[in-house]
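Enquirer: sequence below, structure please.
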Amino acid sequence: MTAVKELLRAEEDGTLSFGDYTLESKTKLEGFEHKGDIYKVKTFAEITKLERNGMFVYESVPGTAVDHFCATEEEICFQVCGPKDAQFTLEMEADTVYEVYMDGVSAGEMKTNLSGKLSVSVELGKDAPVSVKIIKK
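Expert: Got it, this is the predicted structure:
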């Protein structure tokens with residue numbers, strides 16, 4: 001998996017792919033319409049951030065590339081890659097328990113804080129993607 005050179009794209013399966021961690025300076029794309037929502041992405045080597053309708057969705061430090069991002073009320077799933085370990089934060093339901101899976105293996109249950117943020121560390125490198133699935137308990 002490589003960086004998303006167009007910064008943000010809709011996939012044929014209805015999911016989104018975004019993020020280019022190879023960029024040296026912050027680059028953004030605004031006004032991307034997908035399924036009735038408006039998306040904005042900011043990305044470069046240090047951070048990747050996705051917003052939907054002006055609201056926070058995803059952020060990683062350092063920057064990552066995310067493929068086939070799909071979010072429902074019950075689960076979020078995507079593949080993530082980057083040149084080194086990263087931490088990503090997702091906007092979820094506040095004060096709720098989720099089961100986190102990395103490459104099909106449970107990393108345990110995590111509870112969101114009162115603002116609904118869920119932060120997860122992921123081991124990355126060598127452009128090998130990690131499949132992430134987060135399921136509401």
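Enquirer: what bridges to the spatially most central residue of the chain?
Expert: Residue closest to the mean C-alpha point of the chain, counted by C-alpha atoms, centre = their mean, is Y58 at 4.7 Å. On the basis of DSSP bridges, Y58 is bridged to L50, L90.
Enquirer: distance of it from E109?
Expert: 20 Å (C-beta to C-beta, to the nearest Å). For every residue, glycine as well, the C-beta is placed using N, CA and C.
Enquirer: same deal with K126?
Expert: In terms of C-beta to C-beta, K126 sits 29 Å off from E109.
Enquirer: so if I had to pick from those two, which one is more boxed in?
Expert: E109 (11 against 7; other C-beta atoms under 10 Å).
Enquirer: thought the more buried one was touching E99?
Expert: Yes: with contact defined as C-beta atoms under 8 Å, E109 counts as touching E99 (5.4 Å).
Enquirer: about what we covered before: show me what contacts the residue nearest to the centre of the chain?
Expert: Contacts here follow C-beta atoms under 8 Å, 6 or more residues apart in numbering; on that basis Y58 touches 48-50, 66, 69, 88-91.
Enquirer: can you list the buried residues in stretch 11-20?
Expert: Buried residues in stretch 11-20, defined by neighbour count with 16 or more other C-beta atoms under 10 Å: 15-20.
Enquirer: can you list the weak-confidence ranges in the protein?
Expert: 1, 127 (pLDDT under 70).
Enquirer: now stretch 15-23: how far from the chain's centre is it?
Expert: 9 Å (C-alpha atoms, centre = their mean, to the nearest Å).
Enquirer: one more: stretch 85-94?
Expert: 8 Å.
Enquirer: in it, what counts as buried?
Expert: In stretch 85-94, counting by 16+ other C-beta under 10 Å, buried: 86, 88-92.
Enquirer: what residues does it touch?
Expert: For stretch 85-94, using C-beta under 8 Å, 6+ apart, the contacting residues are 55-64, 73, 76, 80, 98, 112-125, 132, 134, 136.
Enquirer: and that stretch, how far apart are its ends?
Expert: 26 Å (C-alpha to C-alpha, to the nearest Å).
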